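Trainee: Here is my input, please return the structure:
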Amino acid sequence: MRRLCIALAILLSALAVSSAAEEAAPTPTGKAKIRFVAIFMSGFTVWKLPHASCTKQTTAPEPWFQLDCGAMRCPKPVLLGMPAPPSYSNWQKSPRVREIEVDAGVPLSFKLTGALNEFFGGDTIKTSLCDFNARFIPEAGKMYEASLDPENHSCQMTLTVMANPYGWWEKTPFEGAHINNCSLPVAAEDL
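Mentor: Below you'll find the predicted structure:
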């Protein structure tokens, strides 16, 4: 009986820790969190930039990080326990997700690149190249998600902010960002 009580106590404490992790621990002052997601993209790469521009060469010599499978292995997703998971049922099996902390109050400029490969039966494959630049100023303690998503046989970048106003986490579009679709034939203005 004593062993059963101890086992039950351990199980209950593990559930309490798991529940606390789902509440998403607050970010320290001066930091924000951002999740990068591109579940359906191949060659998904994130570049940190001094400024976001489609018209100037702004790519750093090396990517900030790459989130794609190589010939032999896939990188493991780096997660910080952010709430409001990506909007895809298979996201936990994908290496194309990463959560990081960034400095708050400092402009953050980045470039997301990848390719969307669609199969149309037989040997027909359509590839759409995706190239987006974004710039915004993260706020301390806030959590964001930058996602490349398939839309109408091409890709779209969305930037959302996570909030818990009603007791559950939800993502809403972040209005304070400048996003350029550099995949378009006409380059957007510099940010």
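Trainee: Would you map the strands across the protein?
Mentor: For the chain, the strands defined by DSSP state E occupy 31-37, 41-49, 65-66, 97-103, 108-119, 125-136, 143-151, 154-163, 170-173, 178-181.
Trainee: Mind giving me the packing neighbours of the last one?
Mentor: Applying 3 or more C-beta pairs under 8 Å, 6 or more residues apart in numbering; DSSP states H and E, one finds that strand 178-181 makes contact with strand 125-136, strand 154-163. (Glycine included, C-beta is placed from N, CA and C.)
Trainee: Quick one, which of the strands of the chain gets closest to residue 79.
Mentor: strand 97-103 (5.2 Å; C-beta to C-beta).
Trainee: Do I have it right that residue 78 meets residue 101?
Mentor: No: Residue 78 lies out of contact with residue 101 (C-beta atoms under 8 Å); the separation is 10.8 Å.
Trainee: Quick check: which of the helices and strands packed on strand 178-181 is nearest to residue 53?
Mentor: Across these, closest to residue 53 is strand 125-136 (C-beta to C-beta), at 6.6 Å.
Trainee: got the buried residues for the closest one?
Mentor: 128, 130, 131, 132, 133, 134, 135, 136 (16 or more other C-beta atoms under 10 Å).
Trainee: Same list (the strands of the chain) but as a markdown table, adding distance to residue 84.
Mentor: Listed next are the strands of the chain as a markdown table, based on distance: least, C-beta to C-beta, whole Å:
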| stretch | distance to residue 84 |
| --- | --- |
| strand 31-37 | 9 |
| strand 41-49 | 20 |
| strand 65-66 | 22 |
| strand 97-103 | 12 |
| strand 108-119 | 19 |
| strand 125-136 | 18 |
| strand 143-151 | 8 |
| strand 154-163 | 5 |
| strand 170-173 | 5 |
| strand 178-181 | 20 |
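Trainee: and those as CSV, adding distance to residue 87 and mean pLDDT?
Mentor: CSV is the format used below for the strands of the chain (distance: least, C-beta to C-beta, whole Å; pLDDT from 0 to 100):
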stretch, distance to residue 87, mean pLDDT
strand 31-37, 9, 95
strand 41-49, 15, 88
strand 65-66, 21, 86
strand 97-103, 12, 94
strand 108-119, 16, 86
strand 125-136, 17, 86
strand 143-151, 8, 90
strand 154-163, 10, 90
strand 170-173, 8, 91
strand 178-181, 18, 90
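Trainee: returning to what we had before: between the helices and strands packed on strand 178-181, which gets nearest to residue 177?
Mentor: strand 125-136 (3.8 Å).
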